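Trainee: Provided below for reference: sequence and predicted model.
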Amino acid sequence: MPLPLGHTAIGWAACESTTISPHPKDENTLLSRLPYFLFIAFLANLPDVDVLFGLLIHGNGAALHRGPTHSLLFALLTGYLASHGWRLWYRIPRFGFGICAILVFSHVVADMTLTSAPVSLLWPIELHLTTGHSSWGQVVHMVLYQSIQDAGIIVGSIIYVVGLRFLRRKRPVFTKLAVARRRIK
């Protein structure tokens, strides 16, 4: 089951999969990319806000989990709102609607594929809530101490992103072959 670190890694890989880079090319320092990474982490974990609502309303983090926030409609709505968030506060990075929706939806897809519990993908047509009980202490313990389970997801995401970046960069061998082929014609 992906926890916040795993969902962040999957969101980062999903963001890297898009052809448009979310950060300006002239900003290459780690500190200048931090707001982009934090925004990616926020959007990739946003569907789990239902755990917080469940804890606040029912005292049970599982009471509302995997409901409306784990749906395609939620991903589209929050993707739209997040893509216009920079208008409210200048520090929010400018991401397009597509990237924002993909980041939120990456959470839903990860939960659909990496866990056995159903999600409410087509909410309001269908509704699936998780069963069980999760208190504040159990949720905090899970986030802080069971995130080691996400190591495989994180490593897999890093391998994917490194491979993707390797495939995208221009290789001198192929460039020389293309130039030689043009000269022959």
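Mentor: Thanks, I have it.

Trainee: What is the subsequent helix or strand relative to the host helix or strand of I57?
Mentor: Using DSSP states H and E, the secondary-structure element containing I57 is helix 49-58. Later in the chain than helix 49-58, the nearest helix or strand by DSSP H and E is helix 72-83.

Trainee: how deep is G137 tucked in, by neighbour count?
Mentor: 8 (other Cβ atoms under 10 Å). Backbone N, C-alpha and C define where each C-beta goes, glycine included.

Trainee: Can you tell me the element C15 falls in?
Mentor: Per DSSP H and E: helix 4-17 holds C15.

Trainee: burial measure for the nearest residue in space to F105 that is not next to it in sequence, as a count.
Mentor: Once flanking residues are discounted, F105 sits nearest to A75: 3.9 Å by Cβ to Cβ, 6 or more residues apart in numbering. For A75, the tally of surrounding residues (other Cβ under 10 Å) stands at 25.

Trainee: coming back round to it: can you name every helix or strand that the helix holding C15 contacts?
Mentor: Helices and strands touching helix 4-17, as assessed by 3 or more Cβ pairs under 8 Å, 6 or more residues apart in numbering; DSSP states H and E, comprise helix 30-45, helix 97-114, helix 151-168.

Trainee: can I get those helices in JSON lines with mean neighbour count, distance to R87 and mean pLDDT?
Mentor: Shown next, in JSON lines, are those (neighbours: other Cβ atoms under 10 Å; distance: least, Cβ to Cβ, whole Å; pLDDT from 0 to 100):
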{"stretch": "helix 30-45", "mean neighbour count": "17", "distance to R87": "14", "mean pLDDT": "85"}
{"stretch": "helix 97-114", "mean neighbour count": "20", "distance to R87": "13", "mean pLDDT": "93"}
{"stretch": "helix 151-168", "mean neighbour count": "13", "distance to R87": "30", "mean pLDDT": "88"}
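
Trainee: Having no further points to raise, I will conclude here.
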